[in-house]
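>>> turn this into a structure:
(one chain, ligands or ions: 1)
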Amino acid sequence: MPNYAILPPFILRHIVRAGDAEERRRAQNTLARDRVIRSARMDLMANMQDVVVMTPPPPKGRRGRGLRRTIYVFKPHSRRRLPGQRVRTEGKPPTGDPAVDEAYDGLGIAYRFLREVFGRHSVDDHDLPLAATVHYSSKYSNAFWNGEQMVFGDGDLKLFSRFTGSLEIIGHELTHGIMQYTAQMNYTLQAGAVHESICDVMGILLKQWSLGQTVEASDWLIGAGLLMPGINGAALRSMKAPGTAYDDPLLGADPQPGHMDDFRRMQHDNGGVHINSGIPNRAFYLTAAALGGNAWERAGKVWYNTLCDKRLRPHYGFKRFARLTLRSAAELFGKQSIEASAVREAWAQVGISSLEGG
Ligand SMILES: [Zn+2]
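The predicted model follows:
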């Protein structure tokens, strides 16, 4: 199984090619670490390839316990590396370490968002305690969900700043956790791009909800503020205009397509899971834009309902996922509703049509 890192390997590989000695060394270091994390879960991945229907594991939390956060600091020299040293638990005051306090606050906002908007009790819907480790490794430019907790690097502070600073990244990574307890979508090819896209959708909704932002006011960027000053880019991805988030000599150009005509077939990035996710991302944006107002109230409900829909299978690609979003919209709001037609029209605009039937 992959490590569900926010920063795709192709950006890191571009830095290895284009960066100076120091940048190259750091990017290689991040890539190597990501590989170790991945290989630790390779057995599971091998078993997953042919599995069509999987049953989510039983929840690990106990419903009713409410929000319980624990933030750890990475200790490079201790034997058990994760989670690290416990530095802040639920209800304790700020520590003064911005990474610790941002992770603590971000997890709290995410918990309340899931609870208030979707009625979901934490990642497993049973009040799973939320744990995060900060200051992971050294100048590590990434953040990931390891199957049990969140892990954040500080960034190299040349290309990337602290990963705890981005609420949509926190939301994105937690959604990889939710995915474990719901649809368990594959992490390769189209299904993997749907999986990635759902994480971006939940991430942007978390940001919009916390800021009280309407569809029109949102920047629709994933990882806004993550790139350091001097880097030519606004974020890692744009859901509104995939392929426009960055264009920089060190990072390369944002490769995301926003339409099926530009769908990329490739070996790397698990078959382009962080690339082709631009297509379902834009379908979500277009749905939300057509409806206006707060995206979490209608478009977000449709997507969240689809994520929790037992009919969503781990291997489903764009079209079958799109069909389920349309069914969700019809079930939530009515077959003839403007929500259902917004969903249908949005998918058509990214090149996925004829969603009825099948
Ligand atoms: Zn991801």
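>>> so I169 makes contact with A224?
No: I169 sits out of contact with A224 when judged by C-beta atoms under 8 Å, with a separation of 9.6 Å. All C-beta atoms are positioned from the backbone trio N, CA, C, and that covers glycine.
>>> show me where the chain has helices.
Taking DSSP state H to define them, one finds helices in the chain at 9-18, 21-39, 42-48, 98-118, 167-181, 189-211, 268-272, 278-291, 299-307, 318-333, 338-349.
>>> need the contact list for Q256.
R237, S238, P242, G243, A245, I275, N276, S277, G278, N281 (C-beta atoms under 8 Å, 6 or more residues apart in numbering).
>>> show me the contacts for the last one.
By C-beta under 8 Å, 6+ apart, the residues touching N281 are S197, D200, V201, R237, M239, P242, Q256, G258.
>>> so what's the gap between stretch 197-205 and the chain middle?
6 Å (C-alpha atoms, centre = their mean, to the nearest Å).
>>> contact partners of it?
113, 117, 167-176, 178-179, 185, 218, 220, 222, 237, 239, 277, 279-281, 284, 295-296, 300, 303-304, 307.
>>> got the residues of the protein near the ion?
Residues of the chain lying close to the ion (C-beta under 5 Å from the ion) are Y4, C199.
>>> quick check: closest non-adjacent residue to the residue in the stretch 251-358 of the chain positioned nearest to the ion.
The stretch 251-358 of the chain approaches the ion most closely through H274 (7.2 Å), counting by C-beta to the ion. Nearest residue to H274, sequence neighbours excluded (C-beta to C-beta, 6 or more residues apart in numbering): P8, at 3.7 Å.
>>> my read: that neighbour touches G272, true?
No: taking contacts as C-beta under 8 Å, P8 lies outside contact range of G272: 9.3 Å.
>>> between those two, who's got more neighbours?
Just comparing P8 and G272: by other C-beta atoms under 10 Å the higher neighbour count belongs to G272, 26 against 21.
>>> the more buried one and F113: what is the separation?
Computed as C-beta to C-beta, to the nearest Å, the G272 to F113 distance reads 29 Å.
>>> cool, R68 as well?
16 Å.
>>> between the two, which one's more packed in?
F113 (22 against 18).
>>> contacts only, for the more buried one.
Going by C-beta under 8 Å, 6+ apart, F113 touches G171, L205, L206, W209, S210.
>>> what sits against F318?
F318 makes contact with Q190, A193, V194, M260, I279, P280, I352, according to C-beta under 8 Å, 6+ apart.
>>> re earlier: rebuild the contacts of F113 as CSV, extending it with pLDDT.
CSV is the format used below for the contacts of F113 (pLDDT from 0 to 100):
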residue, pLDDT
G171, 97
L205, 98
L206, 98
W209, 98
S210, 98
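>>> could you dump the residues you listed into a markdown table and include neighbour count and distance to S137?
Shown next, in a markdown table, are the contacts of F113 (neighbours: other C-beta atoms under 10 Å; distance: C-beta to C-beta, whole Å):
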| residue | neighbour count | distance to S137 |
| --- | --- | --- |
| G171 | 28 | 23 |
| L205 | 28 | 29 |
| L206 | 27 | 25 |
| W209 | 22 | 31 |
| S210 | 17 | 28 |
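>>> what residues of stretch 82-94 count as buried?
L82, P83, G84, V87, R88 (16 or more other C-beta atoms under 10 Å).
>>> do me a favour and get the end-to-end distance for it?
Distance across stretch 82-94, first residue to last, is 22 Å (C-alpha to C-alpha, to the nearest Å).
>>> what about that stretch, average pLDDT?
Averaged across stretch 82-94, pLDDT comes to 96.
>>> what's the answer for stretch 155-163, then?
Stretch 155-163 comes out at a mean pLDDT of 93.
>>> do I have it right that S166 meets L221?
No: between S166 and L221 there is no contact under C-beta under 8 Å: 9.4 Å.
>>> just want to know which of those two has more residues nearby.
Between S166 and L221, counted using other C-beta under 10 Å, S166 has the larger neighbour count: 26 against 23.
>>> and the more buried one, how far from P58?
31 Å.
>>> likewise for L326?
For L326 relative to P58 (C-beta to C-beta), the value is 31 Å.
>>> for the helices of the chain, please prepare TSV with the additional fields distance to P229.
Formatted as TSV, the helices of the chain follow (distance: least, C-beta to C-beta, whole Å):
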stretch	distance to P229
helix 9-18	17
helix 21-39	16
helix 42-48	38
helix 98-118	18
helix 167-181	19
helix 189-211	21
helix 268-272	27
helix 278-291	25
helix 299-307	32
helix 318-333	36
helix 338-349	35
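>>> could you tell me the least trusted of those?
Minimum mean pLDDT among those: helix 42-48, a mean of 42.
>>> related to what we said a few turns ago, filter the contacts of F318 down to the buried ones.
Counted by 16+ other C-beta under 10 Å, the contacts of F318 give Q190, A193, V194, I279, P280, I352 as buried.
>>> okay if I get those as a markdown table plus distance to A290?
Compiled in a markdown table, the buried ones among the contacts of F318 are given as follows (distance: C-beta to C-beta, whole Å):
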| residue | distance to A290 |
| --- | --- |
| Q190 | 24 |
| A193 | 22 |
| V194 | 20 |
| I279 | 17 |
| P280 | 16 |
| I352 | 15 |
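>>> tell me which two of those residues sit farthest apart.
Farthest pair in the buried ones among the contacts of F318 (C-beta to C-beta) is A193 and I352. Separation: 12.3 Å.
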